[in-house]
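Sharing a sequence plus its predicted fold:
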Amino acid sequence: MSANSNNAQNHKNVSAKPLEEASDIPAYRLISNPDGTSSFEKGSIPSLKHMNTASFWYSNKTEAWEKNKHTAPRKQYVVTVKGKIKFKVSDGSTFIIEPGVILLAEDLKGQGHSWDMVDSDVWERLYIPITENSDDLFVSESK
């Protein structure tokens, strides 16, 4: 047995499909309104576009205060890896975030938002801050 035969996959037997055309990624954006309330809009973020970010971090912890109304600490993408989360804004409207749907947190002032886990006791996510004065690439569904 050679040193390189550590059960490595034989790449001759691996089939590869050509890249499919990039599609948009479903997204929700949290917004601060001039009257101090918060709201959201549904839209998308284009796939395979360079996002203006400098760092990211992963979290699977939840503290009690996070489920109460709060604003986003910075303009950021929140990418759910595991879990299903129901977000609520000022007028009582809700939306669901789950893997495959991006949250764009931009409600930096006012009442903010709250959230609860749905059918889960864990929320694993990536926080990806957007660099200052950069386009968030969000495309509203209402446009």
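In hand now; what should we look at?

In this protein, what helix or strand scores lowest on average pLDDT?
helix 64-67 (a mean of 70; mean pLDDT, DSSP states H and E).

Output the contacting helices and strands for that one.
Helix 64-67 is packed against strand 114-117, with contacts defined by 3 or more Cβ pairs under 8 Å, 6 or more residues apart in numbering; DSSP states H and E. All C-beta spots, glycine's among them, are computed from the backbone N, C-alpha and C.

Output the strand it packs on as PDB, nothing but the C-alphas.
These are the backbone C-alpha positions of strand 114-117, laid out as PDB (Å, rounded to 0.1, in the frame of the first residue of the first chain):
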ATOM      1  CA  SER A 114     -37.400  40.800  17.100                       C
ATOM      2  CA  TRP A 115     -37.300  37.100  16.100                       C
ATOM      3  CA  ASP A 116     -38.100  33.600  17.300                       C
ATOM      4  CA  MET A 117     -36.900  30.200  16.200                       C
END
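
Who does it pair with, and is each partner parallel or antiparallel?
Here strand 114-117 is paired, per DSSP bridges, with strand 85-88 (antiparallel).
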